[in-house]
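# A structural model of the following input is requested.
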Amino acid sequence: MARFFKDNLLTLATMAGAAAGVALGLSLKSMGDGIYTPREASYVGYPGKLFLNMLKCLILPLVVPSLIASIGSLDFRMSGKVGLRAVCYYMTTTLIAVTLGIILTVSIRPGLANTEEQLEQRPAGRNTTTTDTLLDLLTNCFPPNLIQATMQQYKTQLVYPGNVRIEDPSSGAMLDPLVRETWRMEGEWSSSTNILGLVIFSVVTGVAISLSGEDGRPLLLFFRSTSHVMMKMTSWVVHLAPIGVCFLIAGEILHMKSVLAELSKLAWYLVVVILGITLQGFVILPTIYSVITRKLPFGFIASMGPALATAFGTASSSATLPITINSLENGNKIDPRISRFVLPIGATINMDGTALYEAVAAIFIAQMVGMNPSLGQVVIISITATAASIGAAGIPHAGLVTLVMVLETVGLPSEAVSIIMSVDWLVDRVRTAVNVLGDAFGAAIVAHLSRDELGQTAGDWEDEEMVDMEKSKLMEIVKFDSATEEEKVQLVMEDTKEVVLPTASPTELTYSSMATRNKSKCCERC
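Numbers count the residues shown, from 1 in each chain. Sure thing, here's the model as predicted:
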């Protein structure tokens with residue numbers, strides 16, 4: 001038992017921090033009238049905000065060097081195999097999540113119990129289409145400026161032409177206010193890190209290093225060293241997770257007007273979403289893991305405790321990425337070359353929980369407004385939810401933004417998002433935890449399927465180290481042979497000045513002692 005607590009101390013402490021955050025928030029809510037101003041709530045959540053900033057600060061210096069070092073260390077053909085396996089896993093689990101969400105919502109029909117809910121009129125969201133969202137995703141894969149990619153993402157904005165049909169003066173085309181595809185497009189840069197573009201650049205750089213052979217080895221060693229230093233810093237921040245998660249959750253609870261009222265108003269919606277996300281994360285994904293690896297998933301999930309608790313507290317899979325990498329490598333002993341290659345990509349495009357949430361929320365809202373989705377609309381929702389989950393950023397409440405796109409695709413009012421916003425803080429945390437767990441299972445499965453290639457590559461690394469050692473010895477010999485007599489004397493003196501000969505007692509240096517006699521034969525004759 002003592003060994004269990006010692007090995008899982010951080011996991012237990014982080015989970016205790018999450019429970020303490022809920023208790024702290026509810027306790028403060030019970031004092032007085034339970035109403036807190038945004039400033040007062042932000043004061044409570046301030047330590048958690050500092051913790052979140054520390055994690056975000058580590059994302060780029062950890063992900064980019066780690067990814068480059070991982071790809072550069074792999075054989076080029078192996079990189080392609082690993083990437084293909086990861087993408088197949090991501091697409092399969094995302095489609096399973098969407099299908100599960102649709103089945104649960106159509107079967108339970110949670111929206112029928114909330115048809116009296118009034119839609120709140122909210123400002124219109126970003127004007128866009130599904131095609132624009134997918135093209136923006138592809139555009140962000142190839143950023144024009146790497147420095148800009150660390151701070152901004154590209155998005156397409158449609159310009160509303162007005163209430164009447166007019167002619168575009170530049171092209172002569174007719175701009176119809178009812179058909180968004182005819183509106184004029186403008187590009188804009190939003191303040192958000194373009195993780196996908198940096199991941200693509202890192203992958204290409206790693207491949208180039210791998211193909212460069214000996215010429216690329218110094219750069220590979222640099223990124224390996226940088227990655228090692230960043231992981232050391234990450235381990236320091238990880239131990240602050242219990243405190244950070246506690247205050248993040250407490251501050252979020254204080255921002256709510258009434259916790260009980262918000263939860264009871266959308267009870268059936270919460271039941272369906274959390275049931276689906278729980279089945280996906282703790283039944284379907286572990287089953288896939290067990291079938292492929294022939295291992296029980298319980299120990300694996302327990303070792304991912306710090307990452308799951310942090311994901312629940314921060315509601316950001318990108319911010320949780322350093323802790324996810326740390327938990328995988330130290331807790332589950334996954335090869336760093338796989339974890340640091342698969343996880344950054346997974347944190348960007350693998351969103352099982354978000355995909356399920358998008359599908360459930362869209363059909364839930366359709367049921368509330370009295371619309372019975374046809375089979376074709378359900379298929380459209382599944383496809384759009386999959387695309388939206390891929391395009392969703394790994395930041396808090398990013399799913400709400402992409403949900404607007406799903407609603408507009410099937411003709412549902414975008415202002416209906418306001419119905420579920422009051423409980424999105426809870427759903428967002430649960431789905432983020434499942435997103436992180438799905439990434440971790442994916443890395444473990446890919447590592448298992450790639451174990452033979454990883455073993456061969458490890459052997460190649462040992463051979464390279466032996467070759468480097470022999471080369472250094474050979475260079476010393478060549479240097480000695482080509483030196484002058486005075487330089488040779490100097491080299492010998494430098495090599496031997498640190499050598500300390502063992503001290504010997506006088507008896508050990510006598511001839512008699514070497515001949516195993518107490519005295520010489522001459523003395524014996526006397």
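# State the distance from the closest residue to V427 other than its chain neighbours to E329.
Spatial nearest neighbour of V427, excluding adjacent residues (Cβ to Cβ, 6 or more residues apart in numbering): V273 at 5.4 Å. For every residue, glycine as well, the C-beta is placed using N, CA and C. For V273, the distance to E329 equals 32 Å [Cβ to Cβ, to the nearest Å].
# which one of these two has more residues nearby?
V273 (28 against 18; other Cβ atoms under 10 Å).
# For A309, see how far away that one is.
20 Å.
# Could you do F247 as well?
From F247 to A309 the distance is 13 Å (Cβ to Cβ).
# same check, this time on P322
14 Å.
# Could you check which of the two is surrounded by more residues?
P322 (29 against 26).
# how about L248, what does it touch?
21, 45, 48-49, 51-52, 313-314 (Cβ atoms under 8 Å, 6 or more residues apart in numbering).
# I should have written K295 there, sorry.
So K295 contacts Y289 (Cβ under 8 Å, 6+ apart).
# three-state assignment of it?
coil (DSSP: H, G, I helix; E, B strand; the rest coil).
# So N163 sits against P177, correct?
Yes: between N163 and P177 there is a contact at 6.0 Å, judged by Cβ atoms under 8 Å.
# Tell me which of those two has more neighbours.
P177 (14 against 7).
# Could you say which helix or strand holds the more buried one?
If you go by DSSP states H and E, P177 is not part of any helix or strand.
# try Q148
Going by DSSP H and E, Q148 is part of helix 146-149.
# quick one: average pLDDT of the helix or strand following that helix?
Scanning forward in sequence from helix 146-149 by DSSP H and E, the next helix or strand is strand 152-159. For strand 152-159, mean pLDDT is 82.
# same question, stretch 383-399
Mean predicted confidence for stretch 383-399 is 61.
# Same question for stretch 18-27.
87.
# Sketch out the low-pLDDT regions of the stretch 151-300 of the chain for me.
Within the stretch 151-300 of the chain, the segments meeting pLDDT under 70 span 261-263, 265.
# can we see that at 90?
For the stretch 151-300 of the chain, the stretches with pLDDT under 90 are 151-204, 206-207, 209-217, 220, 223-224, 226-271.
# which stretches of it form strands?
152-159, 166-167, 174-175, 184-191 (DSSP state E, counting those that start in this stretch).
# Looking at the ones you listed, which is nearest to I363?
strand 152-159 (26.0 Å; Cβ to Cβ).
# in the helix holding Q148, what's buried?
Across helix 146-149, burial judged by 16 or more other Cβ atoms under 10 Å covers A149.
# swap in stretch 159-173?
P161.
# ends of it, how far apart?
14 Å (Cα to Cα, to the nearest Å).
# Give me the distance from that stretch to the chain's centre.
43 Å (Cα atoms, centre = their mean, to the nearest Å).
# Show me the contact partners of that stretch.
So stretch 159-173 is in contact with 127, 174-177, 182-186, going by Cβ under 8 Å, 6+ apart.
# got a markdown table for those, with distance to I68 too?
Formatted as a markdown table, the contacts of stretch 159-173 follow (distance: Cβ to Cβ, whole Å):
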| residue | distance to I68 |
| --- | --- |
| N127 | 37 |
| M174 | 49 |
| L175 | 46 |
| D176 | 48 |
| P177 | 48 |
| T182 | 44 |
| W183 | 40 |
| R184 | 40 |
| M185 | 34 |
| E186 | 34 |
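# Out of the residues you listed, which comes closest to P286?
Distances from P286 to the contacts of stretch 159-173, taken by Cβ to Cβ, are shortest for N127, at 41.1 Å.
# any idea of the pLDDT on the closest one?
pLDDT at N127 comes out at 63.
# hey, where'd the helices end up in the stretch 301-450 of the chain?
305-314, 317-326, 336-349, 352-368, 375-391, 398-409, 417-420, 424-449 (DSSP state H, counting those that start in this stretch).
# angle of the fourth one against helix 336-349?
In terms of direction (axes from the mean of the first three to the mean of the last three Cα atoms, to 10 degrees), helix 352-368 departs from helix 336-349 by 20 degrees.
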